[in-house]
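Enquirer: quick check, what structure comes out for this input:
(3 chains)
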Amino acid sequence: MTVTNRNRIIRREWCDRTALAVAPDLLGCTLVRQKLTGETIRGLIVETEAYLPDDPACHAYRGQTASNAHMFGPAGLSYVYFIYGMYHCLNVVTEKTGIGSAVLIRALQLKAVPAGLEADDLNRIAAGPGKLCRTLEIDRRLSGLPFSPQTGLWLEHRHPAFSKALTSGIHKISQTTRIGISKATDQPWRWYLTNNPAVSKP
DNA sequence: CTGAGGATCCTG
DNA sequence: AGGATCCTCAGC
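Expert: Residues are numbered from 1 along each chain as shown, chains lettered A, B, ... in the order given. Modelled structure (predicted):
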């Protein structure tokens, strides 16, 4: 790995903030998955949602259990859960140990189709939290681990060119209510890159 | 012990 | 609008 890449890696302290701040800040950052084969898949984060401690839609809302325990871990851990008997979803744990909050990564934009996969539309193979975990081979074995090259799953900061495009208005961020929940449906805690074709739903 | 519900996705 | 598919937890 090059020096420039090492310096891009997001550290645990960066995640030690409210999920309401981390979620929009993760847009334009890169999620990287390195499999045991050495194959590396990188995806631009284009859609996120925040889940807070006092939030009825948050898995941590009713307190800590065996299945949601990783959400109460320190900032910068992964929290992966299994849903609808079929899909996994990936979160970035935020805030200090004991506080159950996280950011759900909802969609990635890939630059290439990973080896062994087929895709009619590159922009749709990671357009949704379940799809991105399937594409990157993320399951519960990766839950509770720090985002780090050592675990084969890490985050990298925005490239300067992306940040510049945001400040100059070439890229924009949209904010809406969250998807797929039945409680706290009026909270506008979903963010995505406006007009990005890899977002799960406009 | 039971069953409803779930931070999804695909098909019709 | 409905089904796949299964884990978790609240309620009895």
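Enquirer: strands along chain A, start to end?
Expert: A:30-34, A:40-51, A:78-83, A:87-93, A:102-110, A:153-156, A:173-176, A:190-193 (DSSP state E).
Enquirer: roughly how far does A:T30 sit from A:I125?
Expert: Shown here: A:T30 relative to A:I125, a distance of 16 Å by C-beta to C-beta, to the nearest Å. Placement of C-beta: from N, CA and C, glycine included.
Enquirer: likewise A:P24?
Expert: A:P24 sits at a distance of 24 Å from A:I125 (criterion: C-beta to C-beta).
Enquirer: who has more neighbours, those two?
Expert: Comparing A:P24 with A:I125 by neighbour count (other C-beta atoms under 10 Å), the higher total belongs to A:I125, at 23 against 17.
Enquirer: surely the more buried one is in contact with A:L110?
Expert: Yes: under the contact definition of C-beta atoms under 8 Å, A:I125 touches A:L110, with a separation of 6.4 Å.
Enquirer: need the overlap of contacts for the two.
Expert: Common contact partners of A:I125 and A:L110 (C-beta atoms under 8 Å, 6 or more residues apart in numbering): A:T135.
Enquirer: residues near the one residue in chain A that gets nearest to DNA strand B, how many?
Expert: Of all residues in chain A, A:G180 sits closest to DNA strand B, at 1.7 Å by C-beta to the nearest atom of the strand. A count of neighbours around A:G180, defined by other C-beta under 10 Å, yields 16.
Enquirer: do the same with A:A184
Expert: 17.
Enquirer: ditto for A:F82
Expert: 14.
Enquirer: look up how far A:P160 lies from it.
Expert: Using C-beta to C-beta, we find A:F82 at a distance of 37 Å from A:P160.
Enquirer: A:L166 now?
Expert: Distance from A:L166 to A:P160, by C-beta to C-beta: 11 Å.
Enquirer: pick out whichever of the two has more residues nearby.
Expert: Of the pair A:L166 and A:P160, A:L166 is the one with more neighbours under other C-beta under 10 Å, namely 16 against 8.
Enquirer: close to DNA strand C: what parts of chain A are there?
Expert: Residues of chain A lying close to DNA strand C (C-beta under 7 Å from any atom of the strand) are A:62, A:65-68, A:82, A:84-86.
Enquirer: of the residues you listed, which is the most crowded?
Expert: Per-residue neighbour counts (other C-beta under 10 Å) across the residues of chain A next to DNA strand C peak at A:N68, which has 18 neighbours.
Enquirer: skipping adjacent residues, who's closest to that residue in space?
Expert: Leaving aside its chain neighbours, A:N68 sits nearest to A:H59 (4.4 Å; criterion: C-beta to C-beta, 6 or more residues apart in numbering).
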